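Visitor: just coords:
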């Protein structure tokens, strides 16, 4: 494998029509983070527990062969 010459990498150059370069030490601005999802309501918790119970009952019935 051929090694490249031991010299500094070429410097960056601005893109025509692009934003101006940032001064050293500054970071690229990022979009703000989205707001966190709201907490689950009691109705959603209850629906989740009911679904889980139905799935477990059907699984147990299927394993036991009663359905």
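Guide: The structure has been received and is ready for your questions. All figures in this text were calculated on a predicted structure; none of them were measured in a lab.

Visitor: what residue ranges in the protein score low on pLDDT?
Guide: 1, 11, 22, 24-26, 67 (pLDDT under 70).

Visitor: quick one, helices of it?
Guide: 42-64 (DSSP state H).

Visitor: Name the residue most distant from the centre of it?
Guide: residue 66 (42.8 Å; Cα atoms, centre = their mean).

Visitor: So it versus residue 14, what's the distance?
Guide: Distance, residue 66 to residue 14, using Cβ to Cβ, to the nearest Å: 74 Å. In short, each C-beta sits where N, CA and C put it, glycine included.

Visitor: ditto for residue 64
Guide: 72 Å.

Visitor: do residue 51 as well
Guide: Noted for residue 51: a distance of 57 Å to residue 14, by Cβ to Cβ.

Visitor: repeat for residue 45
Guide: Applying Cβ to Cβ to residue 45 and residue 14 gives a distance of 55 Å.
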